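A.B. asks: From the sequence below, what's the structure:
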Amino acid sequence: MEPDATAREACPRHRLDPLGGSPHAQNARWLTEGPTLRVLMPGDVPGAMVLGHAALKQFLASPDVSKDPANFAEYQQGRVPEGWPLSGFTLPRSMLTADGAEHRRLRSVIGNTFTRSRIKALRPVVEALVERLLEELAQAAQASPDGVVDLRARFAMPLPLEVICELLGIPAAARARLHEIASLLINTDVEPALVIAASQEMIAILSAIVAERTRQPRQDLLSEMIARTDDPALLSVEELTATLRSLFIAGHETTMGLVMNAVRALCAHREALEAVRQGKASWPAVVEETLRWDDPVSYFPMRYPTKDMDIAGHCVEAGTAVLAGYSAAGRDPAAYGPDADRFDVTREEPVELLAFGYGPHYCPGAPLARLEAEIALARLFERFPELDVAVSEAELEYSHTFVGNVVVALPVRLGVDRG
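C.D. replies: Below you'll find the predicted structure:
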């Protein structure tokens, strides 16, 4: 039975730590309270989170759930502060914040970019880039006094950054600064003035790129999208810029985290690495298990029920801002059994992975992220079979965000270089 308003208000709200950090111990505690949770986000904006695997799958697929901020009650009532850290995920008009026919219209602008055949065609490009980065990584380690090199800065970040920028058509000169801005915008511990300034700077940079590419089209996705702006029914310039922003951020930040989280997992579980080397597991299995066990996304904003919903016996009210608890769903014992906390690359449970979402908003870039991670991990450990993290897990610093689950640097020693 649905609890009345008094009972709902009596339920405590858990304040989300804007500093983020590893989500797993917290998720385990929260899951004992149930598959949904009432939370307080930055700025004391109330919301909810769906944590359980089955509950999250149900929620993501429901036709009564919207991504459109027109259904975000607190925002529509003027109670979300300007410069809110989560505004970049919720307010720009793009395929990430639209529903139904509007969502299909905006998503159609990426056309067949992420089809299986297009992704397969990118394999040689990714392989060549990985080889170049591995060579540069080896040179950096040789130049380092203690042989330690930051895998994030030298490998995990530039790989997906260059791939998505080449695919989109973002000039090399703009990439480093756009990455810096993106890293700031996904933080949940940032001053409002910085959020506003960073958002404005990113839009200015991307608008200039769009203007230049409008004058001189090339063979890239951006030029294809620009061609569609001739028909306002397909795409406006503002929507194009917002879509470009979303594709850029999502297209490299999460893949970067996936590669780093997989390296950390394999270094901490050498038996898993040995299983791959003995043919008992595959690199795709390593990627899938990393996505389940240590998802680079912790709690992703934002969806809004369009009517009061019952989720596994818990009422989530219409207009509530709801975070998708992907990191919690991946270790939900109800879905993955009593050993859900164990990293196991030979795991065979036929449970659908939710790391890339579910339903109409399933991530279109999932095949590309998987391809990049599989190639990167295979070649990294082939060339440097003794690679190991140079510091303890306790010494790793996490990015200040509860949206992402990623460390700011990953110091490693490469060991033997097999060339």
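
A.B. asks: Okay, now stretch 400-410: how far is its last residue from its first?
C.D. replies: 15 Å (CA to CA, to the nearest Å).

A.B. asks: From the chain's centroid, how far away is it?
C.D. replies: Here stretch 400-410 is found 11 Å from its chain centre; the criterion is CA atoms, centre = their mean, to the nearest Å.

A.B. asks: ditto for stretch 94-107
C.D. replies: Taking mean C-alpha positions (CA atoms, centre = their mean), stretch 94-107 and its chain are 19 Å apart.

A.B. asks: Same question for that stretch: list its buried residues.
C.D. replies: 94-99, 103, 106-107 (16 or more other CB atoms under 10 Å). Using the backbone N, CA and C atoms, a C-beta is placed for each residue, glycine as well.

A.B. asks: What segments of the stretch 151-300 of the chain are helices?
C.D. replies: Using DSSP state H, counting those that start in this stretch, the helices of the stretch 151-300 of the chain run over residues 151, 158-168, 172-185, 192-215, 221-228, 237-268, 270-277, 283-293.

A.B. asks: now do the stretch 1-150 of the chain
C.D. replies: 5-10, 24-31, 53-61, 73-76, 87-90, 100-107, 116-143.

A.B. asks: Give me the mean pLDDT for the first one.
C.D. replies: Computed over helix 5-10, the mean pLDDT rounds to 47.

A.B. asks: swap in the second one?
C.D. replies: Helix 24-31 carries an average pLDDT of 96.

A.B. asks: and what of the fourth one?
C.D. replies: When pLDDT is averaged over helix 73-76, the result is 96.

A.B. asks: ok so, going back, as JSON lines, the buried residues of stretch 94-107 with distance to residue 24 would be great.
C.D. replies: Compiled in JSON lines, those are given as follows (distance: CB to CB, whole Å):
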{"residue": "94", "distance to residue 24": "31"}
{"residue": "95", "distance to residue 24": "30"}
{"residue": "96", "distance to residue 24": "26"}
{"residue": "97", "distance to residue 24": "29"}
{"residue": "98", "distance to residue 24": "32"}
{"residue": "99", "distance to residue 24": "32"}
{"residue": "103", "distance to residue 24": "32"}
{"residue": "106", "distance to residue 24": "34"}
{"residue": "107", "distance to residue 24": "32"}
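
A.B. asks: Quick check: which of the helices of the stretch 151-300 of the chain is nearest to residue 50?
C.D. replies: helix 283-293 (16.8 Å; CB to CB).

A.B. asks: starting at the chain centroid, how far to the next helix-or-strand element following the closest one?
C.D. replies: Using DSSP states H and E, the helix or strand that directly follows helix 283-293 along the chain is strand 300-305. Once both centres are worked out by CA atoms, centre = their mean, strand 300-305 turns out to sit 15 Å from its chain's centre.

A.B. asks: Contacts for strand 300-305, please.
C.D. replies: 47, 59-60, 62, 64-69, 71-73, 86, 89-90, 316-324, 326, 357, 403 (CB atoms under 8 Å, 6 or more residues apart in numbering).

A.B. asks: what is the mean pLDDT for it?
C.D. replies: Across strand 300-305, pLDDT averages out at 96.

A.B. asks: and it, which strands flank it?
C.D. replies: Partner strands and pairing direction for strand 300-305 (DSSP bridges) are strand 65-66 (antiparallel), strand 321-324 (antiparallel).

A.B. asks: which residues does residue 138 contact?
C.D. replies: Neighbours of residue 138 in contact, by CB under 8 Å, 6+ apart: 383, 414, 417.

A.B. asks: got a winner among those for most neighbours?
C.D. replies: Among these, residue 414 has the most neighbours (other CB atoms under 10 Å), with 24 neighbours.

A.B. asks: shouldn't that residue be in contact with residue 149?
C.D. replies: Yes - Residue 414 lies in contact with residue 149 (CB atoms under 8 Å); the separation is 6.9 Å.

A.B. asks: Return every residue with contacts to both of these two.
C.D. replies: Residues touching both residue 414 and residue 149 (CB under 8 Å, 6+ apart) are 137, 141.

A.B. asks: which residues of the stretch 301-419 of the chain score low on pLDDT?
C.D. replies: 349-350 (pLDDT under 70).

A.B. asks: Which residue ranges of it form helices?
C.D. replies: 326-330, 333-336, 366-383.

A.B. asks: most tightly surrounded among the strands paired with strand 300-305?
C.D. replies: Of those, the one with the most neighbours on average (mean count of other CB atoms under 10 Å) is strand 321-324, at a mean of 24.

A.B. asks: List the buried residues in stretch 150-161.
C.D. replies: For stretch 150-161, by 16+ other CB under 10 Å, it's 150-152, 154-161.

A.B. asks: Quick check: mean pLDDT of that stretch?
C.D. replies: Rounded mean pLDDT across stretch 150-161 is 97.

A.B. asks: Any idea how far apart the tips of it sit?
C.D. replies: Terminal-residue distance, stretch 150-161 (CA to CA): 16 Å.

A.B. asks: what does stretch 150-169 give?
C.D. replies: Taking CA to CA, stretch 150-169 runs 27 Å from one end to the other.

A.B. asks: Can you say which of the helices of the stretch 1-150 of the chain is nearest to residue 177?
C.D. replies: So among the helices of the stretch 1-150 of the chain, helix 87-90 is nearest, using CB to CB, at 16.3 Å.
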